[in-house]
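Asker: Give me the fold of what follows.
(one chain, ligands or ions: 2)
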Amino acid sequence: MQDPYYETAMKNLTQYRELLKFPTDEDLTGAATALIRLQDTYKLDTASVARGELNGIQYSTQLSAGDCFELGRQSYNSYDFYHTELWMNEALNRHEQERSNVTVRWEILEYLAYSTFMQGNLKKALDLTIELLSILPNHERALGNLAYYEAAIKNGTTEIDKSEQPSKAVTAMLDPEERERYHMLCRNENLMSVQINSKLRCRYTNNNRNPLLLIAPLKEEEAYFSPRIILYRDVLYDNEIEVIKRMAQPRLKRATVQNYKTGELEFADYRISKSAWLKEHEDVVVANVAKRVEAMTGLTTETSEELQVVNYGVGGHYDPHYDFARTEEINAFKSLGTGNRIATVLFYMSDVAQGGATVFPWLGVALQPVKGTAAVWFNLYPSGNGDLRTRHAACPVLQGSKWVCNKWLHEAGQEFRRPCDPKENIQETTSS
Ligand SMILES: O=C(O)CCC(=O)C(=O)O
Ligand SMILES: [Fe+2]
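Answerer: Ligands and ions are numbered 1, 2, ... in the order given. This is a model prediction of the structure:
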């Protein structure tokens, strides 16, 4: 902390004590969870991450044996024995190479033996325990475990009773197929059929001679047909982005989600970002964004929500979700009195060095953030029912920072702009 390199950080801590606090336990747990999320999503190999290498790109920071141990310990505390084993193994490797150590070998061995056992590898758990006892011959728990493992091997019990394990972390609760598709798309692995992909087109359009677009037509690019997902290129200027970010920055707060059973707003592991809301009357830029949204969609923004600005740091993400409220949701958008979220307009306000795509797991669509581009789609069928195909997610940011802003348009006021059609009535069926 005395090093001149940390001068600014130290000033922040001492001058803004009310605003900035020292990291808490929750920050540590959150950082560990984020790293493991990145490791899983992008299939990062443990040794490479520890070396500071992300998907082939070498960064300047490395993890110490102590860091790896901490990641293992955090995984252990959330009953995630798979990652405990990976990180304790790495801690052990690094421990051997480091000259000074804050962790002790026997402690790593203890976690490693137990997590190996919990995953059903009794023989390896036994070997590790024997090694632990060669360092600390009187370690009571290890002695007990040794006897237990030996007996289990003798009886031929190789499978441990997994029913005793408490339920896994939140991400593991996602539907496994959806999770797999989501992660594949984040890794840029192609899931779209050639038949669809080869038919996607781009064009200039002035959306039926909209006066705003006569001189400067939109650059429209199809990303999917059914449901229709459109990208509009270069629809936010760099100077507008600067204004929006500058206005939002001091108001950014940790994003919340609405609990669909209670209707309460709360923090959730499945959405990690910071967000702020901007009103149109606050700045002409915000008002112009709304006008441009009207030009792009042909809908009114009279009934829309304010402009939401969102920033994702490294590891920030949003698991698969719908933007519309499902029929069983309590209180959803009730106070607004403008009906459900008929359409989403999502503006990218930054490129992202690695990660951070917006993906539609069931469509096989991945949208890479490009500064100045907007993505547009309808969340509801003309019948007013939610279109389940629009389920989408924001992939974790692997490197850099991601900025987006979005406008959520509501049903009220669109009656003549997008007339209802009760015949196009596809029922919602999910309850998750
Ligand atoms: O940030 C993204 O790419 C998507 C964000 C999103 O889906 C949302 O905020 O509802
Ligand atoms: Fe969304």
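Asker: Tell me which residue is most central in the protein.
Answerer: In the chain, the C-alpha nearest the mean C-alpha coordinate belongs to His317, at 1.6 Å (Cα atoms, centre = their mean).
Asker: Distance of that one relative to ligand 1?
Answerer: According to Cβ to the nearest ligand atom, to the nearest Å, His317 and ligand 1 sit 9 Å apart. For glycine as for every other residue, the C-beta is placed from the backbone atoms N, C-alpha and C.
Asker: Equivalent analysis for Gly52, please.
Answerer: For Gly52, the distance to ligand 1 - Cβ to the nearest ligand atom - is 26 Å.
Asker: Pull the contacting residues for that residue.
Answerer: 58-63 (Cβ atoms under 8 Å, 6 or more residues apart in numbering).
Asker: ok, so of the residues you listed, who is nearest Leu409?
Answerer: Closest approach between those and Leu409, by Cβ to Cβ: Tyr59, at 40.0 Å.
Asker: Verify the stated contact: that closest one with Val49.
Answerer: No - contact between Tyr59 and Val49 fails when scored by Cβ atoms under 8 Å: they sit 10.2 Å apart.
Asker: the more surrounded of these two?
Answerer: Neighbour tally, Tyr59 and Val49, criterion other Cβ atoms under 10 Å: the higher count belongs to Val49, 22 against 10.
Asker: Which residue, other than its chain neighbours, is closest to Cys202?
Answerer: Glu221 (4.1 Å; Cβ to Cβ, 6 or more residues apart in numbering).
Asker: can you give me phi and psi for the one you found?
Answerer: For Glu221, the backbone dihedrals are phi -130, psi 130 (criterion: degrees, to the nearest 10).
Asker: so who does it touch?
Answerer: 200, 202, 230-233.
Asker: Which residues does stretch 267-285 contact?
Answerer: Here stretch 267-285 makes contact (Cβ under 8 Å, 6+ apart) with 30, 33-34, 169-171, 240, 243-244, 247-249, 251-257, 286-287, 290, 305-313, 315-319, 321, 394, 405.
Asker: So which of the residues you listed belong to strands?
Answerer: Using DSSP state E, the members of the contacts of stretch 267-285 that fall within strands are 253-254, 257, 307-312, 317-319, 321, 394, 405.
Asker: Show me just the buried residues among these.
Answerer: 257, 307-312, 317-319, 394, 405 (16 or more other Cβ atoms under 10 Å).
Asker: Other residues contacting stretch 135-144?
Answerer: Against stretch 135-144 from outside (Cβ under 8 Å, 6+ apart): 105-106, 109-110, 113, 129, 132-133.
Asker: and the residues you listed as a markdown table, adding neighbour count?
Answerer: Below are the contacts of stretch 135-144 laid out as a markdown table (neighbours: other Cβ atoms under 10 Å):
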| residue | neighbour count |
| --- | --- |
| Arg105 | 17 |
| Trp106 | 15 |
| Leu109 | 26 |
| Glu110 | 20 |
| Ala113 | 27 |
| Thr129 | 28 |
| Leu132 | 24 |
| Leu133 | 17 |
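Asker: is it possible to export those residues to CSV including secondary structure and distance to Ala374?
Answerer: Output for the contacts of stretch 135-144, formatted as CSV (DSSP: H, G, I helix; E, B strand; the rest coil; distance: Cβ to Cβ, whole Å):
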residue, secondary structure, distance to Ala374
Arg105, helix, 54
Trp106, helix, 56
Leu109, helix, 54
Glu110, helix, 53
Ala113, helix, 53
Thr129, helix, 58
Leu132, helix, 57
Leu133, helix, 62
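Asker: Out of those residues, which comes closest to Leu191?
Answerer: When these are ranked by distance to Leu191 (Cβ to Cβ), Ala113 comes first, at 39.9 Å.
Asker: how close does that closest one get to Pro137?
Answerer: Relative to Pro137, Ala113 is positioned 15 Å away (Cβ to Cβ, to the nearest Å).
Asker: mean confidence score for stretch 408-425?
Answerer: Across stretch 408-425, the average pLDDT comes to 91.
Asker: For the protein, which segments count as helices?
Answerer: Secondary structure of the chain by DSSP state H: the helices cover 7-15, 25-41, 46-51, 65-77, 81-97, 105-118, 122-135, 140-154, 176-186, 194-197, 238-248, 284-297.
Asker: Quickly, which of the ones you listed bottoms out on average pLDDT?
Answerer: helix 7-15 (a mean of 71).
Asker: picking that back up, among the contacts of Glu221, who's most crowded?
Answerer: Neighbour counts for the contacts of Glu221 peak at Tyr232, which has 22 neighbours (criterion: other Cβ under 10 Å).
Asker: you'd agree it is up against Ala223?
Answerer: No - counting by Cβ under 8 Å, Tyr232 sits too far from Ala223 to count as a contact (10.6 Å).
Asker: excluding its backbone neighbours, what's nearest the residue of the stretch 51-200 of the chain found nearest ligand 1?
Answerer: Across the stretch 51-200 of the chain, no residue is closer to ligand 1 than Cys186, which sits at 10.9 Å (Cβ to the nearest ligand atom). Distances taken as Cβ to Cβ, 6+ apart place Cys395 nearest to Cys186, at 3.6 Å, with adjacent residues excluded.
Asker: Surely that neighbour touches Gly355?
Answerer: Yes - using Cβ under 8 Å, Cys395 is in contact with Gly355, at 5.4 Å.
Asker: Between those two, which contacts overlap?
Answerer: Shared contacts of Cys395 and Gly355, counting by Cβ under 8 Å, 6+ apart, come down to 41, 186.
Asker: In terms of neighbours, single out the busier of the two.
Answerer: Cys395 (31 against 28).
Asker: Give me the phi and psi for the more buried one.
Answerer: Dihedral pair for Cys395: phi -60, psi 150, per degrees, to the nearest 10.
Asker: Would you mark the buried spots in stretch 52-61?
Answerer: Of all the residues in stretch 52-61, those buried under the rule 16+ other Cβ under 10 Å are Leu54.
Asker: Closest one to ligand 1 out of the ones in strands among the contacts of stretch 267-285, please.
Answerer: Ala394 (3.4 Å).
Asker: Excluding sequence neighbours, find me the nearest residue to the closest one.
Answerer: Nearest to Ala394 is Tyr318, by Cβ to Cβ, 6+ apart, at 3.9 Å.
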